[in-house]
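Visitor: Show me how the following folds:
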Amino acid sequence: MMASRGTPLVAVEAGNARFKTNGLGGKAVSLVGASGTRYYYAHLSAWEGSSRTVSRGEVIGYVGATGNTSVNHLHFEVRPGGGRTVNPYPYVAAVC
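Guide: Numbers count the residues shown, from 1 in each chain. Below you'll find the predicted structure:
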């Protein structure tokens with residue numbers, strides 16, 4: 001999802017957020033929601049705080065271009081039950 005650098009990113013569901021860095025996604029957040037759905041936010045410019053339990057709508061990071069990209073954007077994945085990825089639009093629309 002294209003966005004300006006520094007745009008705040010929020011947890012789409014309450015759960016456990018882990019902040020980590022990897023070669024492809026750069027600064028990333030892996031969020032396991034209370035429902036068991038897994039969310040992955042990548043290419044962040046910065047995290048808000050550190051790994052912790054978060055509430056829905058809580059700021060967890062900011063859009064950036066870290067990892068394997070040169071364009072500011074959010075790579076966002078949704079995996080219900082930890083399974084296959086699905087269209088993230090309904091999840092994002094629910095908190096915007």
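Visitor: Pull up the pairing partners for the longest strand seen in the chain, direction included.
Guide: Among the segments of the chain that qualify as a strand by DSSP state E, the longest is strand 38-47. Applying DSSP bridges to the sheet, strand 38-47 is found paired with strand 26-33 (antiparallel), strand 59-63 (antiparallel), strand 75-79 (antiparallel).
Visitor: Mind checking those strands for the one nearest to residue 6?
Guide: strand 59-63 (5.0 Å; C-beta to C-beta). For every residue, glycine as well, the C-beta is placed using N, CA and C.
Visitor: Name the residues of that closest one that come out as buried.
Guide: 60-63 (16 or more other C-beta atoms under 10 Å).
Visitor: what residues does that strand touch?
Guide: Under the contact criterion C-beta atoms under 8 Å, 6 or more residues apart in numbering, strand 59-63 has outside partners 3-11, 17, 19, 27, 29, 31, 41, 43-49, 54, 72-74.
Visitor: ok so, going back, of the buried residues of strand 59-63, closest to residue 80?
Guide: Nearest to residue 80 among those is residue 60, at 19.6 Å by C-beta to C-beta.
Visitor: What's the local residue count around the closest residue in space to residue 80 that isn't next to it in sequence?
Guide: Spatial nearest neighbour of residue 80, excluding adjacent residues (C-beta to C-beta, 6 or more residues apart in numbering): residue 37 at 4.9 Å. By other C-beta atoms under 10 Å, 19 other residues sit near residue 37.
Visitor: What of residue 67?
Guide: Residue 67: 17 neighbours (other C-beta under 10 Å).
Visitor: Check whether it really touches residue 26, as I assumed.
Guide: Yes - with contact defined as C-beta atoms under 8 Å, residue 67 counts as touching residue 26 (2.7 Å).
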